[in-house]
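**Q** my questions are about this predicted structure, shown below with the sequence.
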Amino acid sequence: QVQLLESGGGLVQAGGSLRLSCACSGRTFSTYTVAWFRQAPGKEREFVAAIRRSGGATYYADSAKGRFTISRDNAVNTAYLQMNSLEPEDTAVYYCAAREGNLMYSSGREYMYWGQGTQVTVSS
């Protein structure tokens, strides 16, 4: 059974940065494509970014391009989301998700495993 645990969320002022981590346990991390999603209060969950198993390719939502960077370190079974130039609109619970295989999807339905989420709050 795959278990994902997010960390790194918190309160930050607009223009600031945060780095989220997603630690994976239970199975071979390098066999999974990993993605980040977020859900703001009263809104639907939305895709943020994804990264292939080897880390050789990434995929971003338009809202994340140029500000967020997804990465992974398979040696320590962890994926990351570096978030810069944060805006109040980025306030949400951020979730890490994983799926077997090497395809990246923006739909949450394609991901089998989910973490519990970490809260990111950006103040203006």
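**A** Ah, there it is.
**Q** and the residue nearest the centre of the chain, how far from residue 45?
**A** For the chain, the residue sitting closest to the mean C-alpha position, by C-alpha atoms, centre = their mean, is residue 36 at 2.4 Å. In this structure, residue 36 lies at 11 Å from residue 45, with C-beta to C-beta, to the nearest Å as the measure. In this view, the C-beta of every residue, glycine as well, is placed from N, C-alpha and C.
**Q** and what of residue 61?
**A** The span separating residue 61 from residue 45 equals 12 Å under the rule C-beta to C-beta.
**Q** same check, this time on residue 82
**A** 21 Å.
**Q** that older thread, shared neighbours of residue 36 and residue 45, which are they?
**A** Contact with both residue 36 and residue 45 is made by residues residue 95, according to C-beta atoms under 8 Å, 6 or more residues apart in numbering.
**Q** hmm, back to that, what's in contact with the helix or strand where the residue nearest to the centre of the chain lies?
**A** Element membership of residue 36 [criterion: DSSP states H and E] is strand 32-39. Applying C-beta under 8 Å, 6+ apart, the external contacts of strand 32-39 come out as 2, 20, 22, 24, 45-53, 70, 72, 79, 81, 90, 92-106, 108, 111, 113, 117, 120.
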